[in-house]
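Engineer: Structure of the sequence below:
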Amino acid sequence: MQHFTLVTKQLSLAIDFSQYFSDHGCFVDTVEHPSDCATKIQQKNSSALFWDLSSFPWDASQPELTKLREQFKLPITLIGASKPFIAAFAAGIDDVLTLPLDFETTFARLQQRMRLYQPTTSPSSQQPIPTHKIILDDVTIDRQKYKAFKHGQDLGLTPKELKLLIYLVEQRPRVLSRQQLLAGVWGDIYDISQTSRMVDMHISHLRDKIEPNPKQPTRIKTVRGFGYHFVGNCQEI
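Structural biologist: Sure thing, here's the model as predicted:
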């Protein structure tokens, strides 16, 4: 599952990014403080960085962006520029987008930029084959199709349910609090008053679809007073 980092203080922008990228099987990790950006990229192994200039203008952000450019080999896109940013391109920024964003075009441009950062291969170089399926006994998650199947039948998981399941599997056997699940799946964009209800509702729906007996779950376990963790069998191919 690909992660992308967005640096912004604009809640509406973060929500729009999270919703569109989630529909395409990706996570958007929102960072509200530029000083936390490098840590987030490393923790999530981010594939690209988006920087909101309306929250953090170029003049003030240039030193931090310059350090990030030197530290990470990934596409960096500025958002919100009203005119071409010659200085930004000179500093190694890959793209500059104006608001409002056309997310279909933004995503297509991102895919093109990411291809430029993929290492070229030669006959003598050995590249690891990426896994694209997760087998949970009778349940198969197909990352390429972004669907889950049970005995070959589509389970009909919503994008958020599938995202939640993959996140639990990827973090196994770690126990995750509701806040950690919200941050990892909803991208830090949520109403704190809805914390318990939102996570519990999605966990319940997941259990109904993937557990042999939803009333006695054997895959997604509850840790009373804290959260949830995945404990079922898992194989990635």
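Engineer: domain assignment for the protein?
Structural biologist: Domain assignment for the chain by automatic domain parsing gives 3-117, 133-236.
Engineer: Which neighbours in the sheet does the helix or strand hosting Tyr228 have, and how are they oriented?
Structural biologist: Element membership for Tyr228 (DSSP states H and E) is strand 227-230. Strand 227-230 sits in its sheet next to strand 176-177 (antiparallel), strand 220-223 (antiparallel), going by DSSP bridges.
Engineer: Mean pLDDT, distance to Ile135 and mean neighbour count added to these, as a markdown table?
Structural biologist: Where you see a C-beta, it was placed from the backbone N, CA and C, and this is true even at glycine. Putting the strands paired with strand 227-230 into a markdown table (pLDDT from 0 to 100; distance: least, C-beta to C-beta, whole Å; neighbours: other C-beta atoms under 10 Å) gives the following:
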| stretch | mean pLDDT | distance to Ile135 | mean neighbour count |
| --- | --- | --- | --- |
| strand 176-177 | 88 | 22 | 18 |
| strand 220-223 | 93 | 16 | 15 |
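Engineer: Tell me which of the ones you listed approaches Gly232 most closely.
Structural biologist: Comparison of these against Gly232 by C-beta to C-beta identifies strand 220-223 as nearest, at 7.8 Å.
Engineer: Flag the shaky bits of the protein, pLDDT-wise.
Structural biologist: 1, 81-84, 119-131, 188-196 (pLDDT under 70).
Engineer: Okay, helices next: where are they in it?
Structural biologist: 11-23, 37-44, 58-71, 86-90, 103-117, 159-170, 178-185, 195-210 (DSSP state H).
Engineer: Rebuild those as TSV, extending it with mean neighbour count and distance to Phe226.
Structural biologist: Below are the helices of the chain laid out as TSV (neighbours: other C-beta atoms under 10 Å; distance: least, C-beta to C-beta, whole Å):
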stretch	mean neighbour count	distance to Phe226
helix 11-23	18	25
helix 37-44	16	21
helix 58-71	14	34
helix 86-90	13	44
helix 103-117	14	36
helix 159-170	20	14
helix 178-185	19	8
helix 195-210	16	12
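Engineer: Adding distance to Ile237, write these out as CSV.
Structural biologist: Formatted as CSV, those follow (distance: least, C-beta to C-beta, whole Å):
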stretch, distance to Ile237
helix 11-23, 24
helix 37-44, 23
helix 58-71, 33
helix 86-90, 42
helix 103-117, 24
helix 159-170, 13
helix 178-185, 23
helix 195-210, 18
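Engineer: Out of the ones you listed, which is closest to Phe230?
Structural biologist: Going by C-beta to C-beta, the one of the helices of the chain nearest Phe230 is helix 159-170, 4.2 Å.
Engineer: which residues are in contact with that closest one?
Structural biologist: 1, 22-23, 25, 27, 134, 136, 141, 143, 146-148, 157, 176, 181, 184-186, 202-203, 205-206, 209-210, 220, 228-230, 234 (C-beta atoms under 8 Å, 6 or more residues apart in numbering).
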